[in-house]
Every structure is written in C-alpha cells, then in structure tokens.
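Chemist: how would this look folded up:
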Amino acid sequence: MIVCVCNNISDREIRQAVDLGITSIAALRAELGLGTDCGKCISYAREVLHEALDSKTVVTELSFRATQTA
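Modeler: Numbers count the residues shown, from 1 in each chain. A predicted model of the protein is given here:
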C-alpha cells in the first residue's frame, strides 16, 4: 500500500528500510524522501515503522552452539 502519495513510497519500502537498519522517521525522510512534501503521511508511516521494528527478529546469540567439550 502507498503510504506517501507525494513521493510514491509504499509500506513495503518502509519495511525494507527497517531491514536495512533504518529506525526513525528522520532516517526514512533522509533516505526515502518520506514526508518531505505535504507531510500527511507521517502518522501512518510512523505506525508502519513501529510495526516493522517490533516484528524484526534480532539474533543475539547462537543457542544451539552451547559450550562444546573437546
């Protein structure tokens, strides 16, 4: 779905940006041009951003590689 009509930015592009490390509206604005014209998309873009951040899986350790004995 198109989130930013002025710059033709979709929710998929926002999710891809999150996968690449984007974590803020300011970064989306800088990288994609989101909200740089009329700005009406910002509230919905923020929702999409937070949903994507909340659903992102972060691996902090490899639990299946527990201490091995030699």
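
Chemist: longest helix of this structure?
Modeler: Looking across the chain with DSSP state H, the single longest helix is helix 42-55.

Chemist: Can you get me a residue count around the closest residue to residue 41 other than its chain neighbours?
Modeler: Using CB to CB, 6 or more residues apart in numbering and skipping the chain neighbours, the partner closest in space to residue 41 is residue 4 (4.1 Å). In this view, the C-beta of every residue, glycine as well, is placed from N, C-alpha and C. For residue 4, the tally of surrounding residues (other CB atoms under 10 Å) stands at 26.

Chemist: Wait, residue 4 touches residue 35, no?
Modeler: Yes - between residue 4 and residue 35 there is a contact under CB atoms under 8 Å: 6.4 Å.

Chemist: shared neighbours, the two?
Modeler: 41, 45 (CB atoms under 8 Å, 6 or more residues apart in numbering).

Chemist: one step back: the longest helix of the chain: how far from the chain's middle?
Modeler: 7 Å (CA atoms, centre = their mean, to the nearest Å).

Chemist: now do stretch 12-25
Modeler: 3 Å.

Chemist: Give me the buried positions along it.
Modeler: 13, 14, 15, 17, 18, 22, 25 (16 or more other CB atoms under 10 Å).

Chemist: In terms of helices and strands, where is the fourth one?
Modeler: Looking back up the chat, that one is residue 17. Using DSSP states H and E, residue 17 sits within helix 11-19.

Chemist: what bits of the chain have low per-residue confidence?
Modeler: 58-60, 62-70 (pLDDT under 70).

Chemist: how about a cut-off of 80?
Modeler: In the predicted model, the chain carries pLDDT under 80 at residues 57-70.

Chemist: Mind checking which residue lies nearest the centre of this protein?
Modeler: Residue closest to the average C-alpha location in the chain (CA atoms, centre = their mean): residue 18, at 2.5 Å.
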